[in-house]
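# I'll drop the sequence and a predicted model, then ask my questions.
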Amino acid sequence: MRQKAPIFILAICFVTSGAAMGPVLAAKPIERLTAFAVDMSNAAGRTRAGSIDIVIDRWSTDVERDQLRAALREGGPDSLLRALQKIKDPAGYIRSAGSIGYPLRFAREIPTSDGGRRIIIATDRPVSFLEASNQPRTLDYPFMLIDVRLNAKGEGQGKLLPLAKITANEDHVVEIENYASEPVRLTEVKETK
């Protein structure tokens with residue numbers, strides 16, 4: 001059974017936030033997070049866990065956010081995917097132990113009322129040659145979404161949807177469908193220097 005994930009994950013990406021006014025390119029990352037990821041969903045067939053690194057090199061701009069919002073509203077998920085893939089400068093990357101990493105195309109930081117922050121990340125997901133040649137149903141879930149919530153000390157938790165479908169209904173409400181039975185849980189999230 002496939003569940004619709006709460007819309008909060010991507011909806012925040014499409015709301016106005018003053019947190020990112022322009023591209024911030026850094027010689028060294030502006031944000032580096034480590035987390036322990038636990039996948040208890042049915043998609044893997046078994047429970048998997050391990051550490052991941054999320055590195056942010058720049059925050060996405062309001063212009064990029066507006067382009068993605070317009071692409072989804074006017075052309076649907078395929079248009080959103082193309083617009084996301086056209087973003088020239090990756091916002092950062094994600095990697096697990098022993099991997100080279102995968103670029104993250106969109107990242108926004110949103111301050112919270114308790115002095116913490118919320119970090120929303122969206123990207124196209126990697127598709128292996130085997131997956132592409134077999135044409136399974138997972139190809140209908142081309143997005144990877146990450147929602148991290150940090151307290152004022154830079155510690156927190158989050159969720160990762162490695163296979164997500166993003167649509168907008170006739171009222172332009174963003175709907176997110178997770179391929180797996182539940183998101184990957186990100187625990188022990190910490191800022192690292």
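Thanks, I have it.
# so Asp66: helix, strand or coil?
In three-state terms, and counting by DSSP: H, G, I helix; E, B strand; the rest coil, Asp66 is helix.
# tell me how many other residues crowd it.
Asp66 is surrounded by 12 other residues when neighbours are defined as other CB atoms under 10 Å. C-beta here means a position set from N, CA and C on the backbone, and glycine is covered the same way.
# tell me the confidence at it?
Asp66 carries a pLDDT value of 93.
# tell me the spacing between it and Gln135.
Distance of Asp66 to Gln135, given as CB to CB, to the nearest Å: 33 Å.
# how about Ala35?
Remark: distance between Ala35 and Gln135 (CB to CB) = 32 Å.
# what's the nearest residue to the spatially most central residue of the chain if we skip its chain neighbours?
Closest to where the C-alpha atoms of the chain average out (CA atoms, centre = their mean) is Leu145, at 2.6 Å. Setting aside the residues directly before and after it, Leu145 is nearest to Leu161 in space (CB to CB, 6 or more residues apart in numbering), at 4.5 Å.
# the one you found reaches Pro183, doesn't it?
Yes - taking CB atoms under 8 Å as the contact criterion, Leu161 and Pro183 are neighbours in contact, 5.1 Å apart.
# with neighbour numbers in mind, choose between these two.
A side-by-side neighbour count of Leu161 and Pro183, using other CB under 10 Å, places Leu161 first with 27 against 24.
# quick one: contacts for that one?
Residues in contact with Leu161, defined by CB atoms under 8 Å, 6 or more residues apart in numbering, are Ala5, Ile9, Phe143, Met144, Leu145, Ile146, Ile176, Asn178, Ala180, Pro183, Val184.
# what bridges to the residue nearest to the third one when sequence neighbours are not counted?
Using CB to CB, 6+ apart and skipping residues adjacent in sequence, the residue nearest Phe143 is Ala164, 4.4 Å away. With beta bridges defined as DSSP bridges, Ala164 has these partners: Phe143, Asn178.
# per-residue pLDDT, Ala164?
Each residue has a pLDDT score; the one for Ala164 is 89.
# roughly how far does it sit from Asn151?
When distances are taken as CB to CB, Ala164 and Asn151 turn out to be 26 Å apart.
# okay, these two: which has more neighbours?
Between Ala164 and Asn151, Ala164 has the larger neighbour count (other CB under 10 Å), namely 23 against 14.
# touching, that one and Asn178? I think so.
Yes - with contacts defined as CB under 8 Å, Ala164 counts as touching Asn178 at a distance of 5.8 Å.
# return the helix or strand in this protein with minimum mean pLDDT.
When each helix and strand of the chain is scored by mean pLDDT, DSSP states H and E, helix 8-11 comes last, with a mean of 40.
# pLDDT below threshold where in the protein?
Low-confidence regions of the chain, defined by pLDDT under 70, span residues 1-27, 42-47.
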